[in-house]
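Undergrad: curious how this folds, go ahead:
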Amino acid sequence: MQIKNYWIFLGLLSGLLFGIATPFSKILLFNLNSFQLSGLLYLGSGIVIIPSIIKKIINKSINFNSSNSSNNGNNNINFKETNNFKNNNKNLLKIVLIVLFGGILGPLFLMTGLSHTSASSTAIWLNMELVATAILGIVIFKDYLDKYAFIGLLFTFAAGLIVSWGNGFGDIFSIIFIVLACFSWGIDNKLTSIVDGYSPETITFIKGIFGGGINLCLGMIIAGHFIPWNLLLYGIILGIFSYGISIVLFVSSAQNLGATRSQILFSTASFWGIGFSILLLGEPLTLNLTIATLFLIVGIVITNNLVHTHKHKHLQMEHIHTHSHDDEHHEHNHSSLNDIKEKGSDKNTDKNKKHIHKHIHKEKEHEHKHFPDLHHKHDYE
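TA: Predicted structure coming up:
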């Protein structure tokens, strides 16, 4: 399963980039309030997507002009594009909630908790995001959690408990806000994994610009003064890497592995955060941290190498996401090369090319190993 390993790698990388944000954010919070920093971080995540958005606009303009030329003056309305727009509108509520919980409340709660406790303690409690995602998935979104995923979840949560026991639980005020951040991002994670009308880049851009903009404006009003240019630059740069690129990688992983499994990979952010806190802030390396890391590794290996198999049915559907044609689900044809947006894959093998566009899945019933990803939200007996 080479394609699966690719999404696992993206999930781990997203955790690394997000993990380094904790110690660097702690440093910035000495001069910024929680609203300001959370706003800058998410504005950075939106800014990093702007080149991709511009490229899409240019490509659509070129394709539109080419289509008009080929029609030789035919002024018929493109009903296919109109229907696609209507399909995207069905996900509007999900996008609004993603912005609210993932772009506004999540980072604000985290920065509030971080401002009152150490970076390592914050990194430890971020493991609660995994638990929150799993609980919300089972209770609200009707996800299926097989025994291997459950074992991986227990190992990951145990890792957080072990390392927390060694470093102390911090004050209750900070813990409450960090847990609230985890549940906010848990809601964000579940909604993100089932949004099929928007690309990962679009979700990140909307969440970053609107969520970040709102928090930054509130932070400026509270502070009563403008942010110094050097702090403004540092916050945006950190947001570009730790929230922009990291979020895009996580969204891609979640849509292909399922939110709970991708969240287990992302939960390595806690240990990256502790590691960089040791290097940057001089916090001690403990035996508990080493044991907890081993527990987390076991959880990741179990969850991502043992999947379930059963006969299941796919209904006909139309959506958009990054995909390739080397699996059992994407068997559609492309009318032109303009339908394909490559994502840096092997150009010598067409089936392995990763691209993104609207496509239709025909009704199909089959049996194979799979995760509860975007294509496998079916009911289980």
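
Undergrad: show me which helix or strand of the chain is least confident by mean pLDDT.
TA: helix 79-89 (a mean of 46; mean pLDDT, DSSP states H and E).

Undergrad: in the longest helix seen in the chain, which residues are buried?
TA: In the chain, with assignment by DSSP state H, the single longest helix is helix 172-194. For helix 172-194, the neighbour count (16 or more other Cβ atoms under 10 Å) marks 174-175, 177-194 as buried. C-beta: built from backbone N, CA, C; applies to glycine.

Undergrad: repeat for stretch 50-59
TA: For stretch 50-59, by 16+ other Cβ under 10 Å, it's residue 52.

Undergrad: these two touch, right, residue 41 and residue 238?
TA: Yes - look at residue 41 against residue 238 with Cβ atoms under 8 Å: they come within range, at 6.2 Å.

Undergrad: averaged pLDDT, the next helix or strand after the longest helix of the chain. What do you get?
TA: Using DSSP states H and E, the helix or strand that follows helix 172-194 towards the C-terminus is helix 200-206. The average pLDDT within helix 200-206 is 82.

Undergrad: what packs against helix 200-206?
TA: Applying 3 or more Cβ pairs under 8 Å, 6 or more residues apart in numbering; DSSP states H and E, we find helix 200-206 packed against helix 34-47, helix 50-70, helix 92-98, helix 246-257.

Undergrad: for the helix or strand following the last one, the averaged confidence score.
TA: Just to be clear, that refers to helix 246-257. The element immediately downstream of helix 246-257 (helix or strand, assigned by DSSP H and E) is helix 259-266. For helix 259-266, the mean pLDDT works out to 73.

Undergrad: between helix 172-194 and helix 259-266, find me the angle.
TA: 120 degrees (axes from the mean of the first three to the mean of the last three Cα atoms, to 10 degrees).

Undergrad: from the chain's centroid, how far away is helix 259-266?
TA: Relative to its parent chain, helix 259-266 has a centroid offset of 9 Å by Cα atoms, centre = their mean, to the nearest Å.

Undergrad: which residues does residue 39 contact?
TA: Shown in contact with residue 39 (Cβ atoms under 8 Å, 6 or more residues apart in numbering): 212, 213, 214, 215, 216, 217, 218, 219.

Undergrad: want to try a markdown table for those residues, with pLDDT and secondary structure as columns?
TA: Converted to a markdown table, those look like this (pLDDT from 0 to 100; DSSP: H, G, I helix; E, B strand; the rest coil):
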| residue | pLDDT | secondary structure |
| --- | --- | --- |
| 212 | 95 | helix |
| 213 | 95 | helix |
| 214 | 96 | helix |
| 215 | 96 | helix |
| 216 | 96 | helix |
| 217 | 96 | helix |
| 218 | 95 | helix |
| 219 | 96 | helix |
